[in-house]
Structures are given as C-alpha cells and as structure tokens.
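[1] A predicted structure for the sequence below; I have some questions about it.
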Amino acid sequence: MLSSLTRATSLWLFCLWLAACTRASPAAIPTSPPSPLQVEVPVTVEVTRVVTQPIVVQATPLPPMACTPPALDATAVITVGAILPLSLPGAMNAGFAMQTALSLAVEEINANGGVAGRTLALISYDSSGRAERSRIAAQRLILDDCVAGIVGLYHSAAAQAAADVAHSFGTPLIVAAAADDDLTAAGYPEVFRIAPSRTMLAEMPVHWLSEVGDFNQDGQISAGVVSDSAGQSPFVDMLLAGFAAASVHVNHMTVDLPSTDFSSAVARIVTMETVPDAIFILLKGADALKLQSQILAAGIGPQKSTLLVLQHTGLESDQFWQDVPDGLGTVVARIGPWQPTVTAKGQQFALAYGQYKGHWPEAYAFAAYDAVYLLADAVARAGSLQGPALVVALEETDLELASGRYSFPFGISHPPGAAGVSPSMWHQWPDVQTLYLQYTEDHQPAYQAAIIWPRRYRTVDAPLAR
C-alpha cells in the first residue's frame, strides 16, 4: 500500500509546489477533429514522489548490488522511476510537460485496474539537465527505490549517464526525448528510445526536399541553411552532410544572436549563384520570425519559388502571423503527432493534457506518456519485474499508443548491423512522426495547416501548396 503521504500527493499540489503548472480551460486547446472524442478528463493525479532538492554524492560507498524487485505476485506496488529536468539550468518547461504526461499515464493505468492488478507508483528525480545529477538519480532509483524501469530523459548527456547506470544494473530505460545517436548505438540491451535520433531529425529535411525536387525549375535542387554562429552543432553537420550525399547544392550561413537586423544574411541569400528551392531557418523564437520577415521583405519566398522552412516556432500561429503577416506558404516542421495524425488514444491524452497545460502536447510529452504504458505492458506480458525479462518483453512490443504503433525491429534478436542499418537504430522506434506542415491561407491556425509530408499523412492532393 502507498503511504498516506503518497495518497495525498496529487498533480495539482505538485504544480502548486513547483509553480510550474496552470490549470487551463479546454477551450484553449486548438483541437478540432471532425468527431471529437468524449472523454472524462482526470482532475487529480497521484504521484508517489517528486524529488527536486539537490542530489549530492554520499560519503559512504553505494551498495554493490541493486535492490532486487520483488516477484510480481509478491508485491502490491510496481514502481516506475523518472529522471527529468525540473530546475535550472535544465529545460524546466520540458521537464514539467513530461512530468504532467507521466502522471496522467500513471493515473489512467491505476484507474483501469493497475498493472496485473498491482498499483503503479511513480518516483521522479530532478536532473537539472546535468549528467552527474542524472547518474546519481539513476543509482537512487535502482539501488534505493527498486524501480522496474526508468523513463524520461530530455538532455542527451543526462540520458547517457543514466543509460550507463541502467546498463550496469540490467534495468530497462526508455528515452522519451534525448536525440544523441550514441545512446542507442552503444547497443545496451536495457536502453530503448521512442524519440527521434539526431540522424532521423537530420534526414527529415533531406528526404523532404529530395521528394519536392526542383521547386523553382532552374535545373538543380538547392537549399539554404541558416543557423546560429555560436558553435557548429552536430545536427547542422549531419544536415549538411546529408544534403551533400543527396546531391543537393547547399549554402550554409550563420548569424550572430541575439539580433534584430539580419541584413547581412539576407544579402548573402540574395547574392547566391542559384535561387534556393528552400531555405531552412534553424533559429528559434523571435529570431526566426524576424529573419523570415526580412527575407520576405527582400523579395524571397514561396511566391518567388523559394520555400521558407521554420522549426516549431512557426506553430505558434498567433505570434507567427503577428510577426510575419506575409507568411502565406510558409512550411513548418512538427515532431510528434498533430491533430490529423493522432491516434484515438493520443486524442484522449491531448484533451486531458490540455486541461493542465492549455495547448497541444509536445512530442516529448506524447513520448513520456507512452513510455509509462510501454513499461507497464512489458511487465504485464513478462509477468515479472526482473530486468532481463522486461528487456525481452520490450523487444517484442506491438502496441498502439498515443503516438502510434510501437515496435523495436532491431535489437538482441535482430541486430542493426546484420540488417545493414545504422547502429543507432538499436532499440529505436523507427516510426516517430516527423511532419512538414504548410500555411495555405492567411492567418490560418496552425492546427488547420495542411500536412504536406510524408505522403502517408498528407492532407492535400498536391505535394505542396504554392
């Protein structure tokens, strides 16, 4: 049985304690499917424990062995651990979003009888996005809390530290956000990822533009890429290499941030030898919108046969149309399910999540929610809380959840090397939704934008709307 303190702890108290969540009206969610699902939205969510106080290394040595999870038929409670960035310098908004999603999943599972008749409990530790804190949190979850598995992990360095610990003790770990290829390429039997890898993210623009082809019909496929000058990220390196491998001519420009004047970058775009078929703006927030507005003012845009591509900033449609009133035809990348592509379970989750957060769930929120269900499903099918049995059960997953149908085609029984695919596909869910949307009407809400790629999700007849 959970302690009285545990039973009294709820998500609304958690949100007040961390000053992180605000109850929002359902009307704030931009979800308008043709036949909206009618679901009962939970108003309280039980959370076993959330630890945000500083984690310090103890002077005494750690126990040499993990506490052994009891046999499934000898316990009334199954504990899941989570490691999230819930304080600075970590990505706190992402951590709070993932915590909300995890807690909703736990509450739903318990409301439906638990896991094999056992109550599911959640213990979350704060990593602050730091590798060392994540390592210690993973040790505590395994050595002290006897968790069946660990979920969450937003930053790659923090995820790698937790993965090393999970591997050393044989404890399953499901990564819901971190993208570093090495996380799965290491081939740890215990590590699974349901977020896109960095390679998958870098391949997305390449595959899309290759399919679009010579948009401006000048005889070649070309692209412009604009990124922050503060250090070349691995993602940018992989993106440029991918374009080169696909025979796409690419011009890469960097800009100094913060800035309100991008005239030098615009001048370089105007003076390119060839007109690019697409310009990928890899900046975030107001910087991305200011740059796009100045590019359009220079006469470059979809009406002049150059597609302008934004990251998720473009999905904040109220701010987008305010800052880029000439943004008709803008293409925006979306990672994770969108209204027209979400499963029935995903729609139910989105409605419940919106009661607390007031917007459509982020990709990492969808993944965090599904991670709890994946681990619960593995426990139920394995009939065990032992790590090796759960790893086998996770490899055999075939289950539709909020983000889609899950499976892990490459792993112990079918190594990626034997199939001639990248080592990063080890225990990697290959069907993460990576979408391109396009604004096809002035002041169009983001949820009404057309999905133009990939073909399986396309909501318009033509590959692109001009």
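    Yep, it's here.
[2] tally of neighbours for residue 250?
    20 (other C-beta atoms under 10 Å). C-beta: built from backbone N, CA, C; applies to glycine.
[3] isn't there a strand covering it?
    Yes: Residue 250 forms part of a strand when assessed by DSSP: H, G, I helix; E, B strand; the rest coil.
[4] let me know the pLDDT of the residue nearest to it when sequence neighbours are not counted.
    Nearest residue to residue 250 in three dimensions, chain neighbours excluded: residue 243, at 4.3 Å (C-beta to C-beta, 6 or more residues apart in numbering). Note for residue 243: predicted pLDDT of 97.
[5] three-state assignment of residue 243?
    helix.
[6] please name the residues that touch it.
    205-206, 209, 223, 225, 249-250 (C-beta atoms under 8 Å, 6 or more residues apart in numbering).
[7] mind putting these into CSV with distance to residue 197?
    Converted to CSV, the contacts of residue 243 look like this (distance: C-beta to C-beta, whole Å):
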residue, distance to residue 197
205, 15
206, 14
209, 20
223, 22
225, 20
249, 26
250, 21
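[8] tell me the most packed of the residues you listed, by neighbour count.
    residue 209 (26 neighbours).
[9] what sits up against the helix or strand encompassing it?
    Following DSSP states H and E, the helix or strand that holds residue 209 is helix 198-212. Residues outside helix 198-212 that contact it (C-beta under 8 Å, 6+ apart): 179-181, 221, 223, 234-235, 238-239, 242-243, 245-246, 248, 277-278, 280, 307, 309, 333, 335, 422, 424, 432, 434, 436, 453-454, 463-464.
[10] what separation do you get for the nearest residue to residue 172 once chain neighbours are set aside and residue 448?
    Closest residue to residue 172 apart from its sequence neighbours, by C-beta to C-beta, 6+ apart: residue 149 at 3.9 Å. Distance, residue 149 to residue 448, by C-beta to C-beta, to the nearest Å: 39 Å.
[11] and those two? Which one has more around it.
    Ranked by neighbour count (other C-beta under 10 Å), residue 149 and residue 448 place residue 149 first, with 31 against 16.
[12] ok, that one - contacts?
    80-81, 171-174, 375, 378, 387, 390.
[13] got the domain ranges for this structure?
    Partitioning the chain according to automatic domain parsing yields domains covering residues 4-197+342-425, 200-338+434-457.
[14] quick one: neighbours of residue 76, just the number.
    The number of residues packed near residue 76 is 12, by other C-beta under 10 Å.
[15] that one contacts residue 120, correct?
    No: applying C-beta atoms under 8 Å, one finds residue 76 not in contact with residue 120, separated by 10.9 Å.
[16] and stretch 373-390, end to end?
    13 Å (C-alpha to C-alpha, to the nearest Å).
[17] wait, stretch 266-274
    Start-to-end span of stretch 266-274 (C-alpha to C-alpha) is 14 Å.
[18] so how far is it from its chain's centroid?
    With C-alpha atoms, centre = their mean, to the nearest Å as the basis, stretch 266-274 stands 34 Å off its chain's centre.
[19] likewise stretch 398-410?
    That offset, for stretch 398-410, works out to 15 Å (C-alpha atoms, centre = their mean).
[20] and stretch 124-134, by the same measure?
    For stretch 124-134 - counting by C-alpha atoms, centre = their mean - the centre lies 18 Å from the chain centre.
[21] swap in stretch 359-371?
    That offset, for stretch 359-371, works out to 7 Å (C-alpha atoms, centre = their mean).
[22] quick one: mean pLDDT for it?
    Here stretch 359-371 scores 98 as its mean pLDDT.
[23] just the CA atoms of that stretch, as PDB, please.
    Listed next in PDB are the C-alpha coordinates belonging to stretch 359-371 (Å, rounded to 0.1, in the frame of the first residue of the first chain):
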ATOM      1  CA  HIS A 359      -2.100  23.500 -25.500                       C
ATOM      2  CA  TRP A 360      -1.500  20.500 -27.800                       C
ATOM      3  CA  PRO A 361       1.100  18.200 -26.300                       C
ATOM      4  CA  GLU A 362       4.800  18.500 -27.300                       C
ATOM      5  CA  ALA A 363       6.400  15.500 -28.900                       C
ATOM      6  CA  TYR A 364       8.300  14.700 -25.700                       C
ATOM      7  CA  ALA A 365       5.000  14.800 -23.700                       C
ATOM      8  CA  PHE A 366       3.500  12.300 -26.000                       C
ATOM      9  CA  ALA A 367       6.600  10.100 -25.700                       C
ATOM     10  CA  ALA A 368       6.700  10.400 -21.900                       C
ATOM     11  CA  TYR A 369       3.100   9.300 -21.700                       C
ATOM     12  CA  ASP A 370       3.600   6.400 -23.900                       C
ATOM     13  CA  ALA A 371       6.800   5.300 -22.100                       C
END
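[24] please identify which helix or strand holds residue 192.
    Counting by DSSP H and E, residue 192 is part of strand 191-193.
[25] show me what that strand is packed up against.
    Packing contacts for strand 191-193, counted by 3 or more C-beta pairs under 8 Å, 6 or more residues apart in numbering; DSSP states H and E, involve helix 156-169, strand 173-175, helix 182-185.
[26] what does the shortest one contact?
    What that stands for is strand 173-175. By C-beta under 8 Å, 6+ apart, the list of residues contacting strand 173-175 from outside reads 138, 149-153, 159, 162-163, 166, 183, 190-195, 371, 374-375, 394.
[27] next: stretch 72-80.
    By C-beta under 8 Å, 6+ apart, the residues outside stretch 72-80 that reach it are 1-2, 48, 69, 102, 106, 114-116, 118-123, 145-151, 372, 375-376, 379, 383-385.
[28] end-to-end on that stretch?
    Terminal residues of stretch 72-80 are spaced 14 Å apart (C-alpha to C-alpha).
[29] quick one: buried residues of that stretch?
    Judged by neighbour count (16 or more other C-beta atoms under 10 Å), stretch 72-80 contains these buried residues: 72, 77-80.
[30] check the average confidence over that stretch, would you?
    93.
[31] for the stretch 251-400 of the chain, what are the low-confidence residue spans?
    Within the stretch 251-400 of the chain, no range satisfies pLDDT under 70.
[32] ranges for the helices of it?
    Applying DSSP state H, counting those that start in this stretch to the stretch 251-400 of the chain gives helices spanning 263-270, 285-297, 317-323, 344-357, 363-382, 387-395.
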